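Novice: Sequence and predicted structure below; questions after.
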Amino acid sequence: MKNKKALYILLPVVIVVWGIIAFKIFGHLDKKEPVPLILENTQTVQENNIVPDTFNLIYDYKDPFLNKKSPAKKNVSKRVKKVKTENERIVWPDILYTGRMVNQSTNKSLVSLTINGKEWIFNIGDQKDNITLLKTYDDSVKVKYEQETKYIHKQQ
């Protein structure tokens with residue numbers, strides 16, 4: 001009995017929905033779209049005012065087939081990388097990685113570092129004594145000191 005009630009209710013609903021869909025489809029098919037009007041252009045273009053496009057091609061690239069540079073030569077100033085000499089080398093302070101504590105609820109870690117005999121607690125991004133903690137691992141930490149980065153391994 002329940003199935004017949006559902007059939008008597010749903011069958012008219014389905015017929016109405018399909019009727020609306022068919023009405024919309026056939027309604028759009030009968031419409032005639034307006035024909036666009038074509039207007040004549042009353043302005044004349046003067047061809048004498050056209051400026052030619054000028055450009056220079058630079059053929060100074062490596063030929064992918066011959067593996068050679070093209071013969072065109074150009075004066076190019078090369079950037080010279082500054083090489084650090086022995087006098088300019090950065091002297092790192094004495095750093096020891098002594099341990100790591102992890103907060104279980106927030107997954108934030110605190111790192112204990114000993115710098116020149118002083119013990120400091122670092123979060124990621126903290127800077128103390130010109131030393132910045134960049135990243136922590138289980139067995140090491142990545143620190144930055146005066147534009148140089150270095151990995152400090154855990155003291156056993």
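Specialist: On my side now, so go ahead. Predicted model, so just to flag it, every value in this text is computed and none were measured.

Novice: element containing residue 9?
Specialist: Using DSSP states H and E, residue 9 sits within helix 2-30.

Novice: Now the next helix or strand after that helix: buried residues?
Specialist: Per DSSP H and E, helix 2-30 leads on to strand 95-102 as the next helix or strand towards the C-terminus. When burial is assessed from 16 or more other CB atoms under 10 Å, strand 95-102 yields the following buried residues: 95, 97, 100. For every residue, glycine as well, the C-beta is placed using N, CA and C.

Novice: Just name the closest of those residues to residue 129, please.
Specialist: residue 95 (9.4 Å; CB to CB).

Novice: For beta bridges, what are the partners of that closest one?
Specialist: Counting by DSSP bridges, residue 95 is bridged to residue 115.

Novice: cool, and residue 152?
Specialist: Listed beta-bridge partners, residue 152: residue 141 (assigned using DSSP bridges).

Novice: can you pull the contacts of it?
Specialist: 95, 96, 97, 113, 140, 141, 143 (CB atoms under 8 Å, 6 or more residues apart in numbering).

Novice: Reformat those as JSON lines; add distance to residue 26 and pLDDT.
Specialist: Converted to JSON lines, the contacts of residue 152 look like this (distance: CB to CB, whole Å; pLDDT from 0 to 100):
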{"residue": "95", "distance to residue 26": "81", "pLDDT": "88"}
{"residue": "96", "distance to residue 26": "84", "pLDDT": "88"}
{"residue": "97", "distance to residue 26": "78", "pLDDT": "89"}
{"residue": "113", "distance to residue 26": "78", "pLDDT": "88"}
{"residue": "140", "distance to residue 26": "74", "pLDDT": "90"}
{"residue": "141", "distance to residue 26": "73", "pLDDT": "91"}
{"residue": "143", "distance to residue 26": "75", "pLDDT": "92"}
